[in-house]
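> I'd like to go over a predicted model; first the sequence, then the structure.
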Amino acid sequence: MKRIDKHASAETRAGRQDNTIFPTQGLSRSAFRRGRSTKAAPVYSPPDRAELVERLRQFRMFERIPLTVLDAVVAGAHPRTFHLGESIWRWGDSAREIALISSGFVKASRRGRNGASTTYGLYGPGDSMGLYAFWAGMRYPT
C-alpha cells in the first residue's frame, strides 16, 4: 500500500506529477488555493463615469461602441469588488448581469452531488462571464 503524505499536493496524492488535465498556463499554485486572505481589504471608492467608460473600452466587445452607447451602459452599471472565496453568483440564479473582470482571477466551478468541485474555467483581466446566459435569458450554468 502506498503511503500518502497528508501535506502532499492533490496532484501527488492522485498519482499525477504533471497537470495534463487542466493546464495552468503559468499561473502560480496559489491561484488554485482556497481560503481567506489575512490582509486588510483596501478602501474601495467607486469609479466615476469617465473611469468606467475607459475601463469598458479595455474590453474587446466595447472597443468600437459609440460613446453615447457606452454612457448608457455605464449608467446601468453597478461595479463591485469581490474578495477571495466570495461567489459572484450561484448555479441556477437568473442571469441578470454579466461580470467583466478588470483585475484578478475568477474560477467558474460547481460542486457535484458527492461534494467534489469541478472547475469549468479560469477567467482573468479582459474576460467576461455570464454573457450568453444573460443574452438568452437563461439561468447561470455554473
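Perfect, thanks for sending it.
> just the buried residues of the helix or strand hosting Glu51, please?
Using DSSP states H and E, Glu51 falls within helix 49-57. With burial defined by 16 or more other C-beta atoms under 10 Å, the residues of helix 49-57 counted as buried are 52-53, 55-56. For every residue, glycine as well, the C-beta is placed using N, CA and C.
> which parts of stretch 94-110 are buried?
95, 97, 99-101, 108.
> which one of these is nearest Gly76?
Checking the buried residues of stretch 94-110 against Gly76 with C-beta to C-beta, the nearest one is Glu97 at 9.8 Å.
> can you count the residues close to the closest residue to Leu100 other than its chain neighbours?
Excluding its sequence neighbours, the residue lying closest to Leu100 (C-beta to C-beta, 6 or more residues apart in numbering) is Ser128, at 5.2 Å. Residues lying near Ser128 (other C-beta atoms under 10 Å) number 16.
> before we move on, back to that, and the helix or strand following the helix holding Glu51, what other elements does it pack with?
Moving toward the C-terminus from helix 49-57, the next helix or strand (DSSP H and E) is helix 67-75. In terms of contacts (3 or more C-beta pairs under 8 Å, 6 or more residues apart in numbering; DSSP states H and E), helix 67-75 is packed against helix 49-57.
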